[in-house]
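In: coords please:
(chains A and B)
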There are 2 protein chains.
Amino acid sequence: MKFKANVKVMLKPSVLDPQGATLERALKSMGHDNVSSIRVGKLIELVLESPDAQEAAKAANDWADRLLANPNMENYSLTLEPLT
Amino acid sequence: MKFKANVKVMLKPSVLDPQGATLERALKSMGHDNVSSIRVGKLIELVLESPDAQEAAKAANDWADRLLANPNMENYSLTLEPLT
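Out: Below you'll find the model as predicted:
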């Protein structure tokens, strides 16, 4: 059975986000003073084949822990949906 | 009124994604042959102040078009939620 996993990886709130700060400065310099708190993260989409949803979630969490996210600086959240 | 916008920016399907290809190779080299179609995108979270949801959506779409996404290579989708 195939599943699609979406792994959302964001820098921890305590970690400085220079990319977000740059975007915020750019928007403000374009005259948009109503913007704040820009954070830039990664979104990783993948398809995995697994006998059931539980195994798929286990595998995707394992990959996120070990490869996709840096646990020192980033948090991740994961959603999984079956592909028909 | 404050709104939180989430802008999901992904490379167009026709555009090669070297970062995704590298992750896929890494997972396969770790023995995970059940993974495929990895794509890596950006997720931009921001807070904007706007009189109503319609204005907020208009502003966020405008910013995504002009700054956050590269319309030549990327697609984006946007969600907006009011912050209490």
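
In: How about stretch A:65-80, which residues are buried there?
Out: Of all the residues in stretch A:65-80, those buried under the rule 16 or more other C-beta atoms under 10 Å in any protein chain shown are A:Leu68, A:Ala69, A:Glu74, A:Tyr76, A:Leu78, A:Leu80. Using the backbone N, CA and C atoms, a C-beta is placed for each residue, glycine as well.

In: Any chance you could list what contacts that stretch?
Out: Residues from elsewhere that reach stretch A:65-80 (C-beta atoms under 8 Å, 6 or more residues apart in numbering or on different chains): A:3-12, A:15, A:41-42, A:44, A:53, A:56-57, A:60-61, A:64, B:23, B:26-27, B:30.

In: and if you look at stretch A:15-23?
Out: Residues outside stretch A:15-23 that contact it (C-beta under 8 Å, 6+ apart) are A:Leu11, A:Ile38, A:Arg39, A:Val40, A:Met73, A:Glu74, B:Ile44, B:Leu46, B:Leu67, B:Leu68.

In: mind checking the SS state of the fourth one?
Out: When classified by DSSP: H, G, I helix; E, B strand; the rest coil, A:Val40 comes out as strand.

In: Next, count neighbours for it.
Out: The local packing of A:Val40 (other C-beta atoms under 10 Å in any protein chain shown) involves 21 other residues.

In: One more: the first one?
Out: When neighbours are defined as other C-beta under 10 Å, A:Leu11 has 19 of them.

In: Tell me the bridge partners for it.
Out: Going by DSSP bridges, A:Leu11 is paired in beta bridges with A:Glu74.

In: OK, contacts around it?
Out: If you count contacts by C-beta under 8 Å, 6+ apart, then A:Leu11 has A:Asp17, A:Arg39, A:Gly41, A:Met73, A:Glu74, A:Asn75 around it.

In: tell me the pLDDT at it?
Out: pLDDT, A:Leu11: 97.

In: Look up how far B:Ser29 lies from it.
Out: 27 Å (C-beta to C-beta, to the nearest Å).
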